[in-house]
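[1] test case, fold it:
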Amino acid sequence: LCENTRCPRGPAIEGTHANPALAGRAAGYGMPAEAVDGMDVTEVEAAVRRAVAAMRADPHPRFLELQTYRFRAHSMFDAELYRGKAEVAEWKKRDPIPRFRDWLLQCNLLHEGEVAEIEAEVAAQVRNAEAAAEQEMSTRIQEERVEVAGVHQEHQQPHDEGQRPQDIGAGACLRGQGPD
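    Sure thing, here's the model as predicted:
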């Protein structure tokens with residue numbers, strides 16, 4: 001299974017490869033391959049079913065390329081100079097989540113009330129995950145401070161008010177004995 005976002009770590013694959021069709025490369029390895037619209041949940045599901053059925057009948061590797069798009073940068077340091085905002089906006093029109101939701105609604109497999117319930121549940125899960133991550137980060141920061149200082153709060157010794165900073169030394173400052 002290959003998720004082809006078209007922008008692996010920089011410029012679009014169309015600008016860096018003579019043949020951007022990744023599924024075609026599987027032939028060199030003797031693998032049957034298929035490329036599908038990775039932005040269409042139903043098409044991906046159908047392709048995976050076909051691949052699984054084929055592998056059950058003939059247990060050899062298969063290559064399935066999901067042609068999709070990455071909406072965000074690879075990292076906070078990625079200025080995304082290799083694509084424009086109009087390109088991203090155009091691809092967002094094909095966002096698989098709202099497309100799948102709309103398909104489920106059109107097929108009467110899901111109703112608006114259920115959509116609202118799911119969205120509320122997901123929002124609550126995200127809030128809970130954020131709170132847990134913040135708590136974990138706060139706990140880790142406190143643990144790292146103790147580890148860097150090399151002592152726990154209860155082992156700190158007060159410094160002599162008459163001492164000058166240069167008399168104390170860096171080690172004492174790290175242990176919380178430095179000037180306030």
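
[2] which parts of the protein are strands?
    Assigned by DSSP state E, the strands in the chain fall at 2-4, 33-37, 63-67.

[3] per-residue pLDDT of the closest residue to Ala73 other than its chain neighbours, please?
    With sequence-adjacent residues excluded and distances taken as Cβ to Cβ, 6 or more residues apart in numbering, Ala73 is closest to Glu80, at 5.0 Å. Every C-beta, even on glycine, is put in place using the N, C-alpha and C of the backbone. In this model, Glu80 is scored at 75, pLDDT.

[4] and what of Glu119?
    Note on Glu119: pLDDT of 95.

[5] that one and Leu104, how far apart?
    For Glu119, the distance to Leu104 equals 13 Å [Cβ to Cβ, to the nearest Å].

[6] same question, Phe63
    With distances taken as Cβ to Cβ, Phe63 is found 29 Å from Leu104.

[7] with Pro59 instead?
    Distance from Pro59 to Leu104, counting by Cβ to Cβ: 34 Å.

[8] which one's more surrounded, these two?
    The residue with the greater number of neighbours, taking Pro59 and Leu104 and applying other Cβ atoms under 10 Å, is Leu104; the counts read 16 against 7.
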